[in-house]
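> Starting from these lines, generate the structure:
(one chain, ligands or ions: 1)
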Amino acid sequence: MTVVELAGGVGGAKLAEGLAAHLGERLTVVVNTGDDLESYGLAVWPDHDTVAYTLADLDDEERGWGLRGETWTVMERLAALGDDPWFRLGDRDLATHLWRTNLLQTGATPTEVALELRAVLGYAPRILPMADTPVRTEVRTDDGWLEFQDYFVRRRQAPAVHEVRFRDIDAARPTAEVVAALEAADLVVIAPSNPIVSVGPILAVPSMLDLLEGARRRGVAVIAVSGIVGGRALKGPADRMLESLGHGSSAVGVASLYRDVVDALVIDRVDAALAPEIGSLGVRAIVADTIMGDDASRARVAADVIAAGQALRD
Ligand code: FO1
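Residues are numbered from 1 along each chain as shown. I've put the predicted structure just below:
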């Protein structure tokens with residue numbers, strides 16, 4: 001059974017780890033690139049790196065991004081030089097950005113760089129950028145349009161988000177590798193990532209929705225996992241964003257966003273009472289224990305999703 005996971009940051013990485021425990025190289029993770037940025041001339045890919053470091057078991061779980069055992073000597077020296085950047089790059093993490101930027105400058109595509117990192121770090125699943133051309137997520141707040149990391153890190157997600165846009169999305173296309181993975185998939189899983197700014201950009205890549213629709217016509221289930229549990233996001237601003245954008249911060253809000261794209265939405269036990277309302281949206285609600293606190297629970301959630309996918313196919 002081959003599975004494609006559409007993933008953003010932390011929620012996507014945890015489910016990817018659980019799926020990888022069952023599927024190994026039969027898992028492909030298509031990651032959001034809308035968070036990507038240039039810092040000191042270096043290509044930084046937050047959502048990709050969160051998944052890559054997690055699959056390589058190099059991630060700093062407590063911080064939620066970057067590498068375990070990190071040091072900050074370069075950041076300290078930059079502060080001594082008067083810079084003190086708000087977007088923190090650890091010494092070891094910088095090596096990834098230097099390595100990646102060098103490959104890109106020699107002409108490698110983002111997809112080739114992602115697959116090269118898989119080869120050198122040795123994790124089984126393939127991580128594929130959703131597209132090989134730049135896409136940048138921006139959010140409109142009372143302070144005007146902000147680049148994603150300015151909103152997310154510098155302003156600590158404080159401003160209310162009134163609108164979201166993905167710069168240069170119209171020029172983006174799913175890569176040949178993403179198309180091939182979706183056409184070969186037996187199951188497509190949408191991770192419990194932020195449906196607006198992590199999954200949203202992936203679904204907004206022109207023709208991506210057609211690819212998912214094509215899979216469903218072939219009998220392939222598309223199943224999302226709700227990142228909103230009991231009306232709250234487990235991490236990040238998804239709950240406030242769903243509210244400020246008028247969708248409502250609940251598993252029902254997530255179901256309404258995904259209703260034309262998915263066959264089912266996996267919701268946590270605490271939201272079981274919402275199942276009928278989700279069903280009325282034409283989305284099958286699958287109730288499970290979706291909290292992924294440790295490796296065992298990640299593998300269990302993944303097993304539940306895989307089983308749901310198989311049941312929906314039959
Ligand atoms: N998140 C922060 O809150 N503060 C940071 O200084 C920071 C630096 C950073 C560097 C590399 C990287 O891959 C991720 C980083 N993140 C940081 C997380 C980043 O904001 C991601 O976009 C989030 O994980 C949401 O996807």
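> Return the residues of the stretch 151-300 of the chain in contact with the ligand.
For the stretch 151-300 of the chain, the residues in contact with the ligand (CB under 6 Å from any ligand atom) are 152-153. For glycine as for every other residue, the C-beta is placed from the backbone atoms N, C-alpha and C.
> Which parts of the stretch 151-300 of the chain are strands?
Assigned by DSSP state E, counting those that start in this stretch, the stretch 151-300 of the chain shows strands spanning 163-167, 187-190, 221-225, 228-229, 232-233, 264-268, 284-288.
> Dump those strands into CSV; add mean pLDDT as well.
Compiled in CSV, the strands of the stretch 151-300 of the chain are given as follows (pLDDT from 0 to 100):
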stretch, mean pLDDT
strand 163-167, 98
strand 187-190, 98
strand 221-225, 98
strand 228-229, 96
strand 232-233, 96
strand 264-268, 98
strand 284-288, 97
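> what's the burial count for residue 71?
11 (other CB atoms under 10 Å).
> Just name the most buried of the strands of the stretch 151-300 of the chain.
Burial of the strands of the stretch 151-300 of the chain is given as mean neighbour count (mean count of other CB atoms under 10 Å); strand 187-190 ranks first at a mean of 28.
> Direction included, what does that strand pair up with?
The strands that strand 187-190 pairs with in its sheet are strand 3-7 (parallel), strand 221-225 (parallel) (by DSSP bridges).
> okay if I get the ones you listed as CSV plus distance to residue 242?
Output for the strands paired with strand 187-190, formatted as CSV (distance: least, CB to CB, whole Å):
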stretch, distance to residue 242
strand 3-7, 18
strand 221-225, 14
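> low-scoring stretches of the stretch 51-200 of the chain, by residue?
Low-confidence segments of the stretch 51-200 of the chain, defined by pLDDT under 70, are absent.
> run the last query once more with 90
Counting by pLDDT under 90, the ranges of the stretch 51-200 of the chain that qualify are 84.
> ok, which stretches of it are helices?
73-80, 91-105, 110-121, 148-149, 176-184, 199-204 (DSSP state H, counting those that start in this stretch).
> what's in contact with stretch 307-314?
For stretch 307-314, contacts defined as CB atoms under 8 Å, 6 or more residues apart in numbering pick out 1, 3, 186-187, 189, 219-221, 223, 263-264, 266, 284, 286.
> wait, which of the residues you listed is closest to the ligand?
residue 189 (18.3 Å; CB to the nearest ligand atom).
> roughly how far apart are that closest one and residue 218?
16 Å (CB to CB, to the nearest Å).
> for residue 115, same thing?
Separation of residue 115 from residue 218 (CB to CB) stands at 26 Å.
> Now the one residue in the stretch 101-250 of the chain that gets nearest to the ligand: closest residue in space, sequence neighbours ignored.
Closest residue of the stretch 101-250 of the chain to the ligand, CB to the nearest ligand atom: residue 153 (4.2 Å). Using CB to CB, 6 or more residues apart in numbering and skipping the chain neighbours, the partner closest in space to residue 153 is residue 87 (5.6 Å).
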